[in-house]
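# pasting the structure only:
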């Protein structure tokens with residue numbers, strides 16, 4: 001299991017990344033300031049570091065430079081709210097392998113992590129695709145292909161993300177708040193019906209023409225994906 005260090009002072013962002021990595025079978029550890037992040041990076045063995053720029057105690061650029069002195073080959077991806085060319089140049093010049101601007105979709109971050117690990121030789125590109133299954137429904141997260149009963153199902157990007165979240169949490173009830181936060185990366189607004197709308201879209205594509213239904217409503221709690 002690959003181990004990733006998250007150095008991010010925004011606790012909500014750090015926890016969201018932590019949970020997302022856990023669902024992808026990564027082990028992760030969090031540091032909420034630059035000094036702690038630098039110390040953990042130097043004292044422990046990590047396969048990759050996610051490093052925020054604007055950190056208390058010690059800025060991300062400085063942390064990156066210090067890590068590079070002692071661990072020149074470890075992949076480092078910088079996370080920042082600053083998207084100007086000068087900021088990107090400074091981040092890459094300090095030793096980062098890649099740079100991603102907030103807010104970002106977790107799937108993009110995951111793709112960049114896997115790309116960095118492949119370049120460093122820590123992931124075999126032939127085995128990086130992941131197959132998620134339930135009943136006769138199958139999703140290939142690498143090729144982005146979804147099939148049910150041998151039939152290809154065409155999904156939009158957001159429908160794919162929603163189905164992927166259900167598959168990763170199959171057999172467990174997920175709330176509207178969970179879906180809003182992890183699929184749309186929004187703070188949940190009880191007045192919006194965007195979750196219900198997309199659940200309806202997804203049901204029409206993956207359940208409507210099949211006897212066994214997979215997406216079920218749990219009144220007052222949320223939704224669950226299971227054979228029922």
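It's in. Note that the coordinates shown come from a computational prediction; the quantities given were computed from them, not determined experimentally.
# give the contact list for residue 53.
Residue 53 sits next to 59, 60, 61, 78, 79, 80, 81, 82, 87, 91 when contact means CB atoms under 8 Å, 6 or more residues apart in numbering. Every C-beta, even on glycine, is put in place using the N, C-alpha and C of the backbone.
# Just give the closest residue to the residue most central in space within the chain, not the sequence neighbours.
Residue closest to the average C-alpha location in the chain (CA atoms, centre = their mean): residue 106, at 3.4 Å. Nearest residue to residue 106, sequence neighbours excluded (CB to CB, 6 or more residues apart in numbering): residue 20, at 4.7 Å.
# mind showing which ranges of the chain have poor pLDDT?
83-89, 91, 121-129, 185-191 (pLDDT under 70).
# 80 instead?
1, 82-93, 119-130, 142, 181-182, 184-192, 228 (pLDDT under 80).
# domains of it?
For the chain, automatic domain parsing gives the domain ranges 3-125, 131-225.
# Can you tell me which of these is packed in deepest?
domain 3-125 (a mean of 18; mean count of other CB atoms under 10 Å).
# what distance separates it from the middle of the whole chain?
Relative to the chain's own centre, domain 3-125 is displaced by 13 Å; criterion: CA atoms, centre = their mean, to the nearest Å.
# With residue 69 as the reference, measure out to the residue nearest to the centre of the chain.
For residue 106, the distance to residue 69 equals 31 Å [CB to CB, to the nearest Å].
# check contacts around residue 165.
Residue 165 makes contact with 174, 178, 179, 182, 183 under the criterion CB under 8 Å, 6+ apart.
# Then residue 104?
Applying CB under 8 Å, 6+ apart, the residues near residue 104 are residue 79.
# Following element in sequence after the helix or strand harbouring residue 35, please.
If you go by DSSP states H and E, residue 35 is part of helix 34-43. Sequence-wise, the next helix or strand downstream of helix 34-43 (DSSP H and E) is strand 48-52.
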